[in-house]
Structure formats: structure tokens, C-alpha cells
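Engineer: Could you work out the structure for the sequence below:
(chains A, B, C and D)
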Number of protein chains: 2
Amino acid sequence: MAKAPYHHGALREALLEAAEKLLREEGLSALTLRAIARAAGVSHGAPAHHFEDLSALLSELAAVGFRRLVDQLAAARETRGKVSFPLPKAYLSFAMANRELFALMFREERLDARRPSLLEARAAAIALLSQSLGVKAHGTPAGGPSLKELGAMTAAWSLTHGFTVLAIDGRLAPLLRAAPSGTAAEALLEAALGATALVGRT
Amino acid sequence: MAKAPYHHGALREALLEAAEKLLREEGLSALTLRAIARAAGVSHGAPAHHFEDLSALLSELAAVGFRRLVDQLAAARETRGKVSFPLPKAYLSFAMANRELFALMFREERLDARRPSLLEARAAAIALLSQSLGVKAHGTPAGGPSLKELGAMTAAWSLTHGFTVLAIDGRLAPLLRAAPSGTAAEALLEAALGATALVGRT
DNA sequence: GAGCTTAACTAGACAATGTCTAGATCCATA
DNA sequence: TATGGATCTAGACATTGTCTAGTTAAGCTC
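Structural biologist: All right, here's what the predicted structure looks like:
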């Protein structure tokens, strides 16, 4: 077993991986700087050379999450026509498969709101959702989209995000129990979207 | 100026009020047990006689939030017919007026999920929403509500919650800027709900 | 290669935090 | 008035994020 070299070589990535593992296995509150450093096998001061502080590290992890979400949404977009509501379903399944990471992505108090990589990754996700769920790419007549168009887009986004947040917090469990037996979260999401007449947009 | 008596007399309530003030003025991360004790003018050990630990105190504060939300939702329900979408609007305006408290109410990692008062207060809020937004009180034909009915209710709830969460995180600002000038969050919420064919339910 | 610069890392310190314990205070009831 | 018990203080402890000083070694220049 090779002993650890003084210089790690790829500590930045190792820290992000260790943090994600910790997050997945022990939850949000296990994400301390020192625990992450321990998991990566370095001293508690080492992370400072790669991240100014804890919020910087967590922001970078959240950015990774947003990038992964974008990838999955983009892939889902390709299935348009074959599957109903591909984007909302992809959004939900990303969150279900990465519960704690998804939660972190929306814990503003633990992130550095100014970090460019986070801003960019999040903006990319929002841009993808916006153009897929609503605002048409081929220009709007004059002075931006109408309130009606924005409303439809906002509805699709809000419903999807709200459903997902409630689902990962376990708040939908009673509804699923009340539903015809065997109804999974995705089916309830489909039913919710189906009730809104937003069909063409998602 | 009367000097502080050894026995506070109503420390439990004082702690909750101090915590809410701190929360409102300095945000979620200022909510430490010692800071709350300082704000209430007692030693850092005093809270232990009223709350087992920090998460118990925060859970009680969250419960207060849910009870207040219930009151406001109940009041809004009385305006049915006069105002469109009274419950979603009340939900949004509660969150806008109590941003940090609303956030705390959904920070599972800082709460004690088993605390009865929190469970009850939250259940009351959900019950009020459920019966107002969807599932009819006058019984369902057989074996619970249909998936279609549940879907409509879930849609209204998810949309409202999702919109609210996105709004207090500032995520809707770009949409509001794109909207006809002067559009406020509530108007966008109304537009979103208006786009969904859920009119009769909210 | 030798020497030097500098990034990467360790180790120790510090204030702050949550929780525990021992002891001080004082209210209520007998 | 005594005494039991709830309320509160003060100090301790391990843990946390961040800082600083010093150590290691990788990479560049000559």
C-alpha cells in the first residue's frame, strides 16, 4: 500500500468527491470542512489552498450538481414526443437520485451566492428550463414575452420544482398512500401536470 | 431600570421571540443557541431547561410559523369568490413577509422531525391546503380519491409551493424583469395559475 | 545537475459553538 | 418557616472554521 505523498496531486477533485460521498451517506449536516479533509486524507488546513472557505467548496459542489442536472435535462429533451413531460420527470428523477445534493443546491445560506461557477451552472440550468418549458426561441413580437406566456412557463417550472422539493422532503407520502395503490411519485407528477393543461410545454 | 431577576418567568416565549428576531434580522446562520440566549439576556445554559437542544427550539419556532400560516390561509379562504386564487396568494405573501422563517420551516436538517408540536402544526397546514385545494370534504365515491383528483390538488399545491420557494430565493427576478414592467410576484403567480386550468380549485 | 522560488501541505492556535455537569438561586407548597 | 424542585449561572469539553508559521517537494533557471 503506497503511502500518501506529501503533495496530493489532485486534491481539489478529491475534496469534491469526498464531500459528495459524505453528503450522500451522512447528509447535509455532516458536511464540515474538517470531515471533508479527513475523508480525503489530508490535514484540516489543506483545503484552504483550493477553496477560500467552506462555502466556496460547497458552492463548487452545488455547481457540479447543476451541471449534472443540465446534462440530464438535455438528454431528456431528446425524448420529446416519445415520453410525456420529459423535463419534469428528469428533474424529479435527478433529485430523487441525488436527494442531499439537490437540497444543497438550494441551501442559499450555505453557499457563496457570488461564486461565478455556481452562478454560471445555475444560469445554464435555468436557461435550459426556460427555453424548453416556455419562452420560444424564435423571438417574441415586441418588448419581450407576454405575461400570459411567462405565466405558462412559470407554472411549469414552479410546479416541477415544487413537486420535487415536496417529494424529497417526504411531504407527498400521504398523497401517494391515498392514491391508487402502486402509484409512484413520477405517476403523481404526471397526473399533476396532466391536470394543468400545460401539455404542449413540457 | 429594573435589574433582571434570577428567574426569568417566561423564558420559553422570550427565547422564541429572540430567535425569531435574530432570524429575521440576521438570517438562518445567525440562529445559534448561544446567540439566542444572549439576545434573551440569559446564560448559554438556560435554554436547556425549556428545549432539549437547538433543533428543539428551532422546531418550535417552525411550528409557530406553520400555525401563523394556517391562520392566514384560513382568513384568505373567507375571501373566496371575491379574490382569485386566495390561498396561493396568502401562501406567497406569508413567505414574502417572513422569508427566513419560511425557509426555516423547510430546513429539515435543522429541525427535529419527530417533535409533536411541529408535526401537528405542519399537518394542520397541509390539511387546510388539501381540503381547500382539492380533495372534497364530502366523501369520495370508493376507495379514496381518483388519481385525477389527486393530480389536480397536487398541481395546485406544488405550483404554489414551488413558486413561493423560487420567489423567496430570488430566482424569479429575471422573469419579473422580462414581464411587462411593474409586474409584481403576485401578478406572476396569478398568471401562472391562470395558465393551468386549475381555476376552480384555488 | 544545483540552487531557488513557490505552491501544496502540516500542525498548532484561536474564538465560537452545542452540550454536559456542578452548583447557586429562589419559588411554591407543606 | 423549612424544604423540595424548578430555574438559572458558570465552567468544562470536544468540535468547528479560519489564521499563521513552518515543512516538504515540484518545477524552473542557470
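
Engineer: just for chain A, where's the confidence low?
Structural biologist: A:1-6, A:134-143, A:199-202 (pLDDT under 70).

Engineer: Could you count how many residues lie near A:Ser29?
Structural biologist: 10 (other C-beta atoms under 10 Å in any protein chain shown). (Each C-beta comes from the backbone N, C-alpha and C, glycine too.)

Engineer: Same check on A:Gln72?
Structural biologist: Neighbour tally, A:Gln72, other C-beta under 10 Å: 17.

Engineer: Can you classify it by secondary structure?
Structural biologist: helix (DSSP: H, G, I helix; E, B strand; the rest coil).

Engineer: any idea how far it lies from chain B?
Structural biologist: 19 Å (C-beta to the nearest C-beta, to the nearest Å).

Engineer: nearest residue to the residue in chain A positioned nearest to chain B other than its sequence neighbours?
Structural biologist: Using C-beta to the nearest C-beta, the single residue of chain A nearest to chain B is A:Gly162, 2.3 Å away. Leaving out its chain neighbours, the residue that sits closest to A:Gly162 by C-beta to C-beta, 6 or more residues apart in numbering or on different chains is B:Gly162, at 2.3 Å.

Engineer: Return the residues in contact with the one you found.
Structural biologist: Contacts for B:Gly162 (C-beta atoms under 8 Å, 6 or more residues apart in numbering or on different chains) come out as A:157-165.

Engineer: Now with 6 Å, please.
Structural biologist: Each residue near B:Gly162 by C-beta atoms under 6 Å, 6 or more residues apart in numbering or on different chains is listed here: A:158-159, A:161-162.

Engineer: Could you pull up phi and psi at it?
Structural biologist: Per-residue torsions, B:Gly162: phi -60, psi -50 (degrees, to the nearest 10).

Engineer: again with A:Ala48
Structural biologist: The phi/psi pair for A:Ala48 (degrees, to the nearest 10) is phi -60, psi -20.

Engineer: Which residue ranges of chain A form helices?
Structural biologist: Taking DSSP state H as the test, the helices found in chain A are A:11-26, A:33-40, A:54-77, A:86-97, A:99-105, A:116-133, A:147-168, A:173-178, A:185-194.

Engineer: Can you say which of the ones you listed is packed in most?
Structural biologist: helix A:147-168 (a mean of 24; mean count of other C-beta atoms under 10 Å in any protein chain shown).

Engineer: Show me how far it is from its chain's centre.
Structural biologist: 15 Å (C-alpha atoms, centre = their mean, to the nearest Å).

Engineer: For the residue nearest in space to the middle of chain A, which non-adjacent residue is spatially closest?
Structural biologist: Nearest to the mean C-alpha position of chain A, counting by C-alpha atoms, centre = their mean, stands A:Phe102 at 4.5 Å. Spatial nearest neighbour of A:Phe102, chain neighbours left out: A:Ala95 (4.1 Å); criterion: C-beta to C-beta, 6+ apart.

Engineer: Could you double-check that that neighbour sits in contact with A:Val165?
Structural biologist: No - A:Ala95 is not in contact with A:Val165 according to C-beta atoms under 6 Å; the separation is 8.0 Å.

Engineer: Next one: the closest residue to A:Val165 other than its chain neighbours from DNA strand C, what distance?
Structural biologist: Excluding the flanking residues, the one nearest A:Val165 by C-beta to C-beta, 6+ apart is B:Val165, at 6.2 Å. According to C-beta to the nearest atom of the strand, to the nearest Å, B:Val165 and DNA strand C sit 25 Å apart.

Engineer: do the same with A:Ala30
Structural biologist: 14 Å.

Engineer: tell me which parts of chain A are close to DNA strand D?
Structural biologist: Neighbours of DNA strand D within chain A, by C-beta under 7 Å from any atom of the strand: A:5-7, A:32-35, A:44-45, A:48, A:53-55.

Engineer: May I see these organised as JSON lines, with distance to DNA strand C added?
Structural biologist: Shown next, in JSON lines, are the residues of chain A next to DNA strand D (distance: C-beta to the nearest atom of the strand, whole Å):
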{"residue": "A:Pro5", "distance to DNA strand C": "8"}
{"residue": "A:Tyr6", "distance to DNA strand C": "5"}
{"residue": "A:His7", "distance to DNA strand C": "4"}
{"residue": "A:Thr32", "distance to DNA strand C": "12"}
{"residue": "A:Leu33", "distance to DNA strand C": "11"}
{"residue": "A:Arg34", "distance to DNA strand C": "9"}
{"residue": "A:Ala35", "distance to DNA strand C": "14"}
{"residue": "A:His44", "distance to DNA strand C": "6"}
{"residue": "A:Gly45", "distance to DNA strand C": "3"}
{"residue": "A:Ala48", "distance to DNA strand C": "7"}
{"residue": "A:Asp53", "distance to DNA strand C": "13"}
{"residue": "A:Leu54", "distance to DNA strand C": "13"}
{"residue": "A:Ser55", "distance to DNA strand C": "16"}
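
Engineer: Let me have these in TSV, extended by distance to chain B.
Structural biologist: TSV is the format used below for the residues of chain A next to DNA strand D (distance: C-beta to the nearest C-beta, whole Å):
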residue	distance to chain B
A:Pro5	36
A:Tyr6	35
A:His7	34
A:Thr32	13
A:Leu33	15
A:Arg34	18
A:Ala35	15
A:His44	21
A:Gly45	23
A:Ala48	20
A:Asp53	13
A:Leu54	11
A:Ser55	10
